[in-house]
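*Asks:* 3D model of this:
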Amino acid sequence: MREVAEDDRPRERLLRHGAEVLSDSELIAVLLGSGLRGENVTEFARRVLEESGGLASLLRAGAPALQSVPGLGPAKSALLLAAFEIGRRIQSAELADRPHLREAEAVYRYLGHRFLGKTKEELLVLSLDTRGRLLGQVKAAHGTVDALQYRPGELFRDAIALDASGIVMVHNHPSGDATPSAQDIAATEQITAAGQILGIDLIDHVVVGHHSWVSIKQVLKRRDAAKRLPK
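*Replies:* Numbering: from 1, shown residues only. Sure, this is the predicted structure:
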């Protein structure tokens, strides 16, 4: 990579500033390692991306397609293929490790222990993907022994950043009784409505007590079903 000015070398920039500052073509340039006669490595990488149809197409390309790009011989094609496969395997491993948390019982098993010994209420928000797998979790609010303080919009902040399809709210009752209060139920309905506006589903609101839990969504379903019964 001597043909590129030292300050502009992708490899040196990666080591100095981190991989996240590099463009797609610069990351490809690091993998390629060197350019061609009359074409430095950054120019070469940019052409590889253009002739492949962009990064997404390049990731799907097999060995024959890669080697059809002028300058990409067996060695450089093999480097690209190996790097792409490592990325796919890492992603698969991460997906396998992410718990599925659409069911209230699974939510309780996952983090019910976190509330043991807590003397004040805390609210956690779990962001989930379309298959109910955990994308991230954040403590969204804390309060007193019997109340929480938060603004509905704040509960969706991380979910929006993570492009989540739904959230699960989880909070504790330090008294040990997981029975939802009238305020808990009203808040659940309010957050459900806010989520509909944002296109993010409130999958459930789980209340955790001492070795117990209650799904407010199930409470609401039973209430609505009772209203529909003939009198």
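*Asks:* CA atoms for contacts and neighbours, from now on please.
*Replies:* Noted.
*Asks:* residue closest to the middle of this protein?
*Replies:* residue 135 (3.3 Å; C-alpha atoms, centre = their mean).
*Asks:* off-centre distance for stretch 103-116?
*Replies:* 19 Å (C-alpha atoms, centre = their mean, to the nearest Å).
*Asks:* you'd agree the residue nearest to the centre of the chain is in a helix?
*Replies:* No: counting by DSSP: H, G, I helix; E, B strand; the rest coil, residue 135 falls outside a helix, being strand.
*Asks:* does it touch residue 100 like I think?
*Replies:* No: counting by C-alpha atoms under 8 Å, residue 135 does not reach residue 100; the two are 10.0 Å apart.
*Asks:* need the pLDDT of the residue nearest to the centre of the chain.
*Replies:* In this model, residue 135 is scored at 91, pLDDT.
*Asks:* that one: what's it in contact with?
*Replies:* By C-alpha atoms under 8 Å, 6 or more residues apart in numbering, residue 135 lies in contact with 98, 126, 127, 128, 129, 162, 164.
*Asks:* distance of the first one from residue 156?
*Replies:* In other words, residue 98. Residue 98 sits 20 Å away from residue 156, taking C-alpha to C-alpha, to the nearest Å as the criterion.
*Asks:* one step back: what's the PyMOL line that selects buried ones from the contacts of residue 135?
*Replies:* Selection of buried members from these for PyMOL, criterion 16 or more other C-alpha atoms under 10 Å:
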select buried, resi 126+127+128+129+164
